[in-house]
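> I would like to see how this sequence folds:
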Amino acid sequence: MNKIILLLVSFLAIVSTSAKDTSTVNSFLGKWKSFEDEIISIEYNNKSNEASFSRSFNNEIVSEGIIIVENGFLAVTRKDALLSYKLKYAFSPDGETLVVMKPNSRQAWLLYRTSYY
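Reported below is the predicted structural model:
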C-alpha cells in the first residue's frame, strides 16, 4: 500500500512539474503594456522562425531583439546592443497579465495584454 501511495505522489509531482512550464513563444505573441506606459510588441517571423520583440516608450524604441522560451526563462538576444540574458517570467492564470524580471535587477515589469497577433 505504501508503494502505491509513493508511486501516486511521485506521478502527481512529475505531472504538476511538467505542467508548470508549458509556455511557448506563442503565449507571448501580441502587444503588452506596462504600468509605466511602455509598449512591448512580440511577433513571430515565419521566414526566420524567430520571435522578435520591440519595447518602446513615448513612441521611441528603447530596445529590440529576439526571444526564445527555454526552461522557464526568456532567452533574450538584443539587436540594438551586444547583450544577451535570460529573464524569469510568470503568467497570470488567464494569460492576460505577465511579470518579467528585469535583467541584472531585483525589479520586474508588470505587463497586461492589449492585443493578440
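> only C-alpha atoms for contact and neighbour calcs from this point on.
Will do.
> my read: Ile39 touches Ile61, true?
No: in this structure Ile39 lies outside contact range of Ile61 using Cα atoms under 8 Å: 9.2 Å.
> okay, and the common contacts of these two?
Counting by Cα atoms under 8 Å, 6 or more residues apart in numbering, the residues touching both Ile39 and Ile61 are Arg55.
> What residues does the residue lying closest to Lys88 once chain neighbours are set aside make contact with?
Spatial nearest neighbour of Lys88, chain neighbours left out: Phe73 (4.7 Å); criterion: Cα to Cα, 6 or more residues apart in numbering. Phe73 makes contact with 86-89 under the criterion Cα under 8 Å, 6+ apart.
> what about burial for the residues you listed, which qualify?
86-87, 89 (16 or more other Cα atoms under 10 Å).
> With distance to Ser27, secondary structure and pLDDT added, can I get those in JSON lines?
As requested, these are exported to JSON lines (distance: Cα to Cα, whole Å; DSSP: H, G, I helix; E, B strand; the rest coil; pLDDT from 0 to 100):
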{"residue": "Lys86", "distance to Ser27": "17", "secondary structure": "strand", "pLDDT": "97"}
{"residue": "Leu87", "distance to Ser27": "15", "secondary structure": "strand", "pLDDT": "97"}
{"residue": "Tyr89", "distance to Ser27": "12", "secondary structure": "strand", "pLDDT": "97"}
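> what's the closest of these to Ile68?
Lys86 (9.3 Å; Cα to Cα).
> what's the spacing between that closest one and Ala75?
4 Å (Cα to Cα, to the nearest Å).
> can you give me the helices for this structure?
Taking DSSP state H as the test, the helices found in the chain are 2-20.
> That'll do, ta.
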